[in-house]
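Undergrad: attaching a predicted model along with its sequence, questions to come.
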Amino acid sequence: MLNAFSVSLEACDPTLGRFRSYRLDACPDLFGMWLVDIPYGRIGARGTSRRYVADDEAGAKKIIRHHLRRRTTAKQRIGVSYRACEVIDPDQWARLQKGDELVSTTLNHKPGG
């Protein structure tokens, strides 16, 4: 499956016991619908996964951006920020690069963009 967007995030702080992994993958299926898969959980554990279906690329981008914005609040919620470990973003959906820390200013974009 060819991903149009894929990002792997980790939030690690041994002193707080935080070892979290979060991944977002988006790609079109054979029928033109967009699938957004989100596996997440403790690093090294089986974890949980969610799948969303969007009618078009714009819908998939909206789902991706919503979930990435939620990750930008991790510092306040769990005490440690997520960091991008792997990024495949050829169309600049999130404008992230490997090593970027997700903070609230990371995902500023124009509405509908």
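TA: All right, it came through fine.
Undergrad: wait, what's in contact with Gly59?
TA: The contact partners of Gly59, taken as C-beta atoms under 8 Å, 6 or more residues apart in numbering, are Trp34. Heads up, the C-betas are built off the backbone N, CA and C, glycines and all.
Undergrad: do you know how far the spatially most central residue of the chain is from Pro14?
TA: Note on the chain: the residue nearest the mean C-alpha position is Leu24, at 4.1 Å, using C-alpha atoms, centre = their mean. Separation of Leu24 from Pro14 (C-beta to C-beta, to the nearest Å): 25 Å.
Undergrad: give the contact list for the closest residue to Pro90 other than its chain neighbours.
TA: Counting by C-beta to C-beta, 6 or more residues apart in numbering, Pro90 lies nearest to Ala4, which is 7.5 Å off, once chain neighbours are set aside. Going by C-beta under 8 Å, 6+ apart, Ala4 touches Ala26, Cys27, Pro28, Glu57, Ala60, Pro90, Asp91.
Undergrad: for PyMOL, write the select line for the buried members of the residues you listed.
TA: Filtering these down to the buried ones (16 or more other C-beta atoms under 10 Å) takes a single PyMOL command:
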select buried, resi 26+28+57+60
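Undergrad: closest to Gly44 among the contacts of Ala4?
TA: Proximity of the contacts of Ala4 to Gly44 (C-beta to C-beta) peaks at Ala26, which lies at 25.0 Å.
Undergrad: which helices and strands does whatever helix or strand that closest one lives in pack with?
TA: In this structure, Ala26 sits in strand 18-28 according to DSSP states H and E. Judged by 3 or more C-beta pairs under 8 Å, 6 or more residues apart in numbering; DSSP states H and E, strand 18-28 is in contact with strand 5-13, strand 34-42, helix 57-71.
Undergrad: distance to Lys75 and pLDDT added to the contacts of Ala4, as JSON lines?
TA: Formatted as JSON lines, the contacts of Ala4 follow (distance: C-beta to C-beta, whole Å; pLDDT from 0 to 100):
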{"residue": "Ala26", "distance to Lys75": "25", "pLDDT": "96"}
{"residue": "Cys27", "distance to Lys75": "30", "pLDDT": "94"}
{"residue": "Pro28", "distance to Lys75": "33", "pLDDT": "94"}
{"residue": "Glu57", "distance to Lys75": "30", "pLDDT": "93"}
{"residue": "Ala60", "distance to Lys75": "26", "pLDDT": "95"}
{"residue": "Pro90", "distance to Lys75": "28", "pLDDT": "89"}
{"residue": "Asp91", "distance to Lys75": "28", "pLDDT": "88"}
